[in-house]
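# With the input below, show me the fold.
(chains A and B, ligands or ions: 2)
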Amino acid sequence: MTEAHKFVDIRHAQKAYGDLEVLKDISLTVDRGEIVAIIGPSGSGKSTLLRAINDLDSLTGGEVWLDGVQINKDLPYRQYEKHINAMRQQVGMVFQHFNLFPHLSVRDNVTMAPKLLKGLSDKEADKLAEEQLNHVGMLERIDYYPSQLSGGQKQRVAIARALAMQPKLMLFDEATSALDPELVEEVNLVMKRLAEEHMTMIIVTHEMDFAASVCDRVIFMDKGVVVEQGPPSVVFQNPTEERTKEFLRKHLAQHHAQNAAEAAALTAAQTNEGAK
Amino acid sequence: MDIELILKVYPYFLEAAVVTIELSVLTVLLGLICGALAAAARMSRFRLLRIIGAVYVSVFRGTPALIQLFLLYFGGPQIGIQLDAFEAGVIGLGLNIGAYMAETMRGAIVSVDGGQTEAARTLGLSRTQAFRKVTLPQAMRLMIRPLGVNINAQIKGTALVAAISVVELTYTAQRYIGSTYKPFEMFFLAGVLYILIITVTGKGISYLDRKVRLP
Ligand SMILES: Nc1ncnc2c1ncn2[C@@H]1O[C@H](COP(=O)(O)OP(=O)(O)O)[C@@H](O)[C@H]1O
Ligand SMILES: [Mg+2]
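Ligands and ions are numbered 1, 2, ... in the order given. The predicted model follows:
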């Protein structure tokens, strides 16, 4: 621990499902306060890599270190459970499908873990919930249930829930992919705010504009390897690898097609309005 | 239909109905306990427990409840288990319905979205904490109605203990047929009482289900 260590240090990460190699010897590091985007085609192993960081998916080879402590230590079951639970408290994670607890109010979604794991009193927990929900603009929905919220609101609560544990590191796995286009921005704004507060973040995303505007570094993954990484300006505007160029080209084309479709739909709707 | 006869014998049927209710309550309680234990065993991380759970479930679901009752009541004394008919009825049918309830509970638990456990574990909750605080409360809501189906079956299933001479509704009906020769009236009366018990129970279960339903 005395020697200088990288904040997040992934060393030779390998993951295989039977014969299928999903992560092929990936090594990368993330500094404290750094904001990193991981992009790449579907199935390239982005989620698997992210989930390996807090051992939601266990690696078949390699090591993950956080702030000088190895996360995926080789320990007997009981000891490992204790260790991993303590490590996970330091790593917040936000899922594509929110995974809010439907049987708990917004307040209880946020306070459950701090009460249970940090022994906060009801009063302390309430204060914490109010702070965190205020931070994501969801304070006025504190007594709602998840089913009564829009997707964007759910995701903001999920972020507040993760932040309530005061993590050192936040992981986002396509946090806005399941949202209607008009709800994406409110979640992006919350993430931008976190970035301004220098939270260390690893963000798996399909939104290149967002990655470009928020992230210090972009990592392009394909078929279980890191193909290219660098500042957004370089990776997006001046990629060196052919695979990166091709991915960005395809992605851009898709993006345009989608925009065109949305514009067409909007025009159609307006025409209908006019016809009435 | 001999209404007069029905009016004469119905108090005895009411008494018998009380026994049927007692049998139902006790077998359901025993069934819930055995079911919960067996469901937990089947989902344990220890292989031996999983095997024990699975064997229990398949043995009790794979043989007629009547055979289980006969084995316990008539065969029991041979291996030193001496039970009166009522006790044998409760234990035999309780173990039987427990096997069905175990599957109901397990079904509800596994149908809770796996993302729920993941989210809980990600926050740092242990396996047990995640189960207790996140999976179980959701599974409990999901299992109320299917357990209601098990309970409905069990109430009717208590009729089996007539075969080992427990004086409950079905046995009582049979006994009065012997003295009155009016099977239609006797079974009709018993049937009405069963329907009453089943309907009230069903309403109770619906109420419970509504009461814990999420917004
Ligand atoms: N539990 C699993 N069993 C088998 N294969 C899996 C499993 N989870 C993921 N995979 C495979 O791993 C590959 C990478 O998946 P993933 O990390 O989810 O990709 P991405 O997030 O980049 O879309 C895919 O080919 C996927 O089918
Ligand atoms: Mg993914």
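# Please enumerate the helices of chain B.
Under the criterion DSSP state H, chain B contains helices at B:3-42, B:47-62, B:65-70, B:85-110, B:114-123, B:127-130, B:136-157, B:169-180, B:183-211.
# Mind checking these for the one nearest to residue A:217?
Closest to residue A:217 of the helices of chain B, according to C-beta to C-beta: helix B:114-123, at 23.7 Å. All C-beta atoms are positioned from the backbone trio N, CA, C, and that covers glycine.
# Can you spell out which helices and strands pack onto that closest one?
helix A:77-88, strand A:91-94, helix A:106-118, helix A:151-163, helix B:127-130 (3 or more C-beta pairs under 8 Å, 6 or more residues apart in numbering or on different chains; DSSP states H and E).
# hmm, the second one touching ligand 1?
This means strand A:91-94. No - figure legend: strand A:91-94 not in contact with ligand 1 (C-beta under 6 Å from any ligand atom); closest approach 13.7 Å.
# follow-up on the earlier one: pipe the helices and strands packed on helix B:114-123 into JSON lines and attach distance to residue B:213 and mean pLDDT per row.
Putting those into JSON lines (distance: least, C-beta to C-beta, whole Å; pLDDT from 0 to 100) gives the following:
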{"stretch": "helix A:77-88", "distance to residue B:213": "32", "mean pLDDT": "96"}
{"stretch": "strand A:91-94", "distance to residue B:213": "28", "mean pLDDT": "97"}
{"stretch": "helix A:106-118", "distance to residue B:213": "17", "mean pLDDT": "97"}
{"stretch": "helix A:151-163", "distance to residue B:213": "20", "mean pLDDT": "97"}
{"stretch": "helix B:127-130", "distance to residue B:213": "23", "mean pLDDT": "95"}
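# Mean neighbour count for those - can I get that in a markdown table?
Shown next, in a markdown table, are the helices and strands packed on helix B:114-123 (neighbours: other C-beta atoms under 10 Å in any protein chain shown):
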| stretch | mean neighbour count |
| --- | --- |
| helix A:77-88 | 15 |
| strand A:91-94 | 26 |
| helix A:106-118 | 22 |
| helix A:151-163 | 25 |
| helix B:127-130 | 16 |
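# Any chance of CSV for those, columns distance to residue A:218?
Formatted as CSV, the helices and strands packed on helix B:114-123 follow (distance: least, C-beta to C-beta, whole Å):
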stretch, distance to residue A:218
helix A:77-88, 26
strand A:91-94, 19
helix A:106-118, 31
helix A:151-163, 21
helix B:127-130, 34
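# Mind checking these for the one nearest to residue B:212?
Of all the helices and strands packed on helix B:114-123, helix A:106-118 sits nearest to residue B:212, with 15.3 Å by C-beta to C-beta.
# Tell me which stretches of the stretch 1-150 of chain A form helices.
A:46-53, A:77-88, A:106-118, A:122-135 (DSSP state H, counting those that start in this stretch).
# Quick one, which of those gets closest to ligand 1.
Among these, the nearest to ligand 1 by C-beta to the nearest ligand atom is helix A:46-53 (3.1 Å).
# List the buried residues for the closest one?
Residues of helix A:46-53 classed as buried: A:46, A:47, A:48, A:49, A:50, A:51, A:52, A:53 (neighbour count, 16 or more other C-beta atoms under 10 Å in any protein chain shown).
# I'd assumed residue A:26 was in contact with the first one.
By that I understand residue A:46. No - Residue A:46 sits out of contact with residue A:26 when judged by C-beta atoms under 8 Å, with a separation of 10.8 Å.
# Can you work out which residues contact both of the two?
By C-beta atoms under 8 Å, 6 or more residues apart in numbering or on different chains, residue A:46 and residue A:26 have these common neighbours: residue A:221.
# how about the helices of the stretch 1-150 of chain A in TSV, adding distance to ligand 1?
Converted to TSV, the helices of the stretch 1-150 of chain A look like this (distance: least, C-beta to the nearest ligand atom, whole Å):
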stretch	distance to ligand 1
helix A:46-53	3
helix A:77-88	19
helix A:106-118	25
helix A:122-135	27
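# I'd like those as TSV, with distance to residue B:118 appended.
TSV is the format used below for the helices of the stretch 1-150 of chain A (distance: least, C-beta to C-beta, whole Å):
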stretch	distance to residue B:118
helix A:46-53	9
helix A:77-88	11
helix A:106-118	13
helix A:122-135	21
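# As JSON lines, those helices with distance to chain B would be great.
Converted to JSON lines, the helices of the stretch 1-150 of chain A look like this (distance: least, C-beta to the nearest C-beta, whole Å):
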{"stretch": "helix A:46-53", "distance to chain B": "9"}
{"stretch": "helix A:77-88", "distance to chain B": "4"}
{"stretch": "helix A:106-118", "distance to chain B": "4"}
{"stretch": "helix A:122-135", "distance to chain B": "13"}
